[in-house]
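Trainee: Pasting the sequence and the predicted coordinates here, then a few questions.
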Amino acid sequence: MKNKVRVVIILLATVAIVFAYKQTKSKGGYLAYVPNAGDGTISIIDVSANKLIDEIKVGDSVSHGIAVSYDGDKIYTGNLEDGKVFVIDVKSKEILKMIDTGRNLHGIDITPDGKYLLTTSGDLQEGEEFNYINVIDTQEDEIIKTIRSNGKSPSHIDFTKDSKFAFVNNVMSGNVSMLDIENFELISTFDVGIMPNESELSPDDKYLYVANVQDSTVSIVDIKRGREVDKIKAGEGTHGLAVSSDGRYLWTTNMFSKDVSVIDIENKEVVKTIKTNGQANHISILPNSNLAYVSNLESEDISVIDMKKYKIVNTIKIGKEPHEIKFVKNK
């Protein structure tokens, strides 16, 4: 009898452990959200399981940018050609609100303090209609300001950590505009390379690194001096970039050479090259980890790279023409 009781206790304990493990796996960690421009969807990836778990249909096409609210409860995405921003509830995956910008909708970026969402109307062509930046108040989810860009065809935006300044990449004029967030005024312009698509600040906010697609370089802009101070050759078609948490390395995605470059910032040279499955598009580093996620246009998947081993450790199939990658805590 004692043996039977002992067996039952062991079985119950095993079930409890398995249940607790499943609960831990389903909660906590991060989810990755990726807009797929080719089929108008957003892929949702459970990064702990390394698999696609859901998909949200936005429209016929979706904007290349995507943003997450400060509390992680809302996702901001958009319809590329119709110019509509969609506010999506993370839990229900339902659209809470639609904001009509009245223009093309390329970049979607949020200030670090979560107060403002900035959208851009850029495209790979020139024209007055592509030269605007919209500012959305995230409390009301309404447009409060429309800014005429001093550059041509603004794309993606990065911000200082105190949310006081924004840096807007202008793909058709070869420069970056600096925006004063408090007054919503453009205060400076930096000349960089040809077709600057994306940028990211150094951890101390002293330097801006800019990915230039057409000349396959990264521009280094000294913010205090207000100009480009150096340029580093990367892979062919440098489109996206990320800075390591220690500020020592730049990771760039190169569309034409279909690879990722790891650049030693101090020595200004490429130290590693990692081939990807297709056109390497955007790159994001998973918080508190040594993993980088790369979206690949041609192969329609995500390459997960171990940043210490410099190799792809997982590949996750998603939608058509994937672009930016944003992480949300799995509550």
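Mentor: Cool, the structure landed.
Trainee: Show me which helix or strand of the chain is least confident by mean pLDDT.
Mentor: Lowest mean confidence among the helices and strands of the chain (mean pLDDT, DSSP states H and E): helix 2-26, at a mean of 42.
Trainee: and S303, what are its bridge partners?
Mentor: Beta-bridge partners recorded for S303 (DSSP bridges): V294, T315.
Trainee: my guess is it meets Q279, correct?
Mentor: No - judged on C-beta atoms under 8 Å, S303 makes no contact with Q279 at a distance of 11.4 Å. For every residue, glycine as well, the C-beta is placed using N, CA and C.
Trainee: Any idea what V260 is bridged to?
Mentor: Under DSSP bridges, the beta-bridge partners of V260 are T253, I274.
Trainee: got it, and the one 4 residues further on?
Mentor: On the basis of DSSP bridges, D264 takes part in beta bridges with Y249, E269.
Trainee: Tell me how many other residues crowd it.
Mentor: 14 (other C-beta atoms under 10 Å).
Trainee: more neighbours, S303 and Q279?
Mentor: More neighbours surround S303 than the other of S303 and Q279, with 25 against 20 (other C-beta under 10 Å).
Trainee: which residues does the more buried one contact?
Mentor: Residues counted as contacts of S303 (C-beta atoms under 8 Å, 6 or more residues apart in numbering) are T276, N277, A280, Y293, V294, N296, I312, N314, T315.
Trainee: PyMOL command to pick out the buried ones of those?
Mentor: To isolate the buried members of the contacts of S303 in PyMOL, using 16 or more other C-beta atoms under 10 Å:
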select buried, resi 276+277+280+293+294+296+312
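Trainee: JSON lines for the contacts of S303, including pLDDT and distance to N36?
Mentor: Converted to JSON lines, the contacts of S303 look like this (pLDDT from 0 to 100; distance: C-beta to C-beta, whole Å):
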{"residue": "T276", "pLDDT": "96", "distance to N36": "17"}
{"residue": "N277", "pLDDT": "84", "distance to N36": "15"}
{"residue": "A280", "pLDDT": "97", "distance to N36": "16"}
{"residue": "Y293", "pLDDT": "98", "distance to N36": "14"}
{"residue": "V294", "pLDDT": "98", "distance to N36": "15"}
{"residue": "N296", "pLDDT": "97", "distance to N36": "12"}
{"residue": "I312", "pLDDT": "98", "distance to N36": "20"}
{"residue": "N314", "pLDDT": "97", "distance to N36": "18"}
{"residue": "T315", "pLDDT": "97", "distance to N36": "16"}
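Trainee: Which residue, neighbours along the chain excluded, lies closest to N277?
Mentor: In space, and not counting its chain neighbours, N277 is closest to S299: 3.9 Å by C-beta to C-beta, 6 or more residues apart in numbering.
Trainee: Is that neighbour in contact with G278, as I believe?
Mentor: Yes - assessed by C-beta under 8 Å, S299 is found in contact with G278 at 3.3 Å.
Trainee: if we can go back for a sec, distance from the chain centre to the next helix or strand after the least confident helix or strand of the chain, please.
Mentor: Downstream of helix 2-26, the first helix or strand assigned by DSSP states H and E is strand 30-36. The chain centre lies 9 Å from the centre of strand 30-36; the measure is C-alpha atoms, centre = their mean, to the nearest Å.
Trainee: Quick check: which helices or strands does strand 30-36 pack against?
Mentor: For strand 30-36, the packing partners by 3 or more C-beta pairs under 8 Å, 6 or more residues apart in numbering; DSSP states H and E come out as strand 41-46, strand 326-329.
Trainee: So which of these is the most surrounded?
Mentor: strand 41-46 (a mean of 22; mean count of other C-beta atoms under 10 Å).
Trainee: relative to strand 30-36, how tilted is that one?
Mentor: 160 degrees (axes from the mean of the first three to the mean of the last three C-alpha atoms, to 10 degrees).
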